[in-house]
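*Asks:* With the sequence up front, the predicted model follows.
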Amino acid sequence: KGKKVVMLGAGFGSDTYRIQDIPGTQKVIADLKKTHDVVVVIFHAGAEGTNANHVVPGVEHFLGEDRGDSIAFAHGMIDAGADVVLGSGPHVLRAMERYKGRFIAYSMGNFSSWDTFSLAGAGGVSCITHLEVAPNGVLTHVKVNPTLLNHPGLPIVDPNGKAIKSLRDLSKADFGDTFIDEKGEWSLAPAPTPAKP
């Protein structure tokens, strides 16, 4: 519909924009925002495994590697002009947050696999997240559809909604707000209609 959307990937390796170089990546985001309506950042960061489901302040390490500061990075990207920030890396769901009117998912979990990762417990709980943003990038609606990974790693719909409960609990614990409701939704409240004189 005439809107320009751009996606940028970042991670802790040397072959991508580095999550450790927040100022350098912010400059790229600021430049992209000048020529695009919506800027989406996808990042790979954080510790891994079922014990890594909480977003922790500061730099995370895994297997001796600096896996970046997910909070500082995500907030820094939005401060520079990003509208949506989607995390991966821990292989489990992590909290979701609304920051300055923009959407952050700190880890989307595993969506599919092929006997690659353990599907037990949190490793097999995931979701499909639908987002709606205004033309200026402000988040207006979120809908989480819960999924499970079925052996050997194919996603199936989860009628019990484990992902929704997990995301609510993690978002509350890590950021003080469940963010989504018990149906897995969040909507920006419409502006009140002015009273007629």
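*Replies:* Yep, it's here. Numbering: from 1, shown residues only.

*Asks:* Tell me which stretches of the protein form helices.
*Replies:* 22-35, 70-80, 162-175 (DSSP state H).

*Asks:* Return the distance of the first one from the chain's centre.
*Replies:* Taking C-alpha atoms, centre = their mean, to the nearest Å, one finds helix 22-35 lying 19 Å from the centre of the chain it belongs to.

*Asks:* and the lengthiest strand in the chain, which residues are buried?
*Replies:* For the chain, the strand that runs over the most residues, judged by DSSP state E, is strand 139-150. Buried positions in strand 139-150, judged by neighbour count with 16 or more other C-beta atoms under 10 Å: Leu139, Val142, Lys143, Val144, Pro146, Thr147, Leu148, Leu149. In this view, the C-beta of every residue, glycine as well, is placed from N, C-alpha and C.

*Asks:* try stretch 34-54
*Replies:* Within stretch 34-54, the residues scored as buried using 16+ other C-beta under 10 Å are 36-48, 52-53.

*Asks:* separation between Gly46 and Asp15?
*Replies:* To Asp15, Gly46 is 18 Å away according to C-beta to C-beta, to the nearest Å.

*Asks:* got JSON lines for the buried residues of strand 139-150, with pLDDT and distance to Thr129 too?
*Replies:* JSON lines is the format used below for the buried residues of strand 139-150 (pLDDT from 0 to 100; distance: C-beta to C-beta, whole Å):
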{"residue": "Leu139", "pLDDT": "96", "distance to Thr129": "11"}
{"residue": "Val142", "pLDDT": "97", "distance to Thr129": "7"}
{"residue": "Lys143", "pLDDT": "98", "distance to Thr129": "7"}
{"residue": "Val144", "pLDDT": "97", "distance to Thr129": "5"}
{"residue": "Pro146", "pLDDT": "97", "distance to Thr129": "10"}
{"residue": "Thr147", "pLDDT": "95", "distance to Thr129": "10"}
{"residue": "Leu148", "pLDDT": "93", "distance to Thr129": "15"}
{"residue": "Leu149", "pLDDT": "89", "distance to Thr129": "16"}
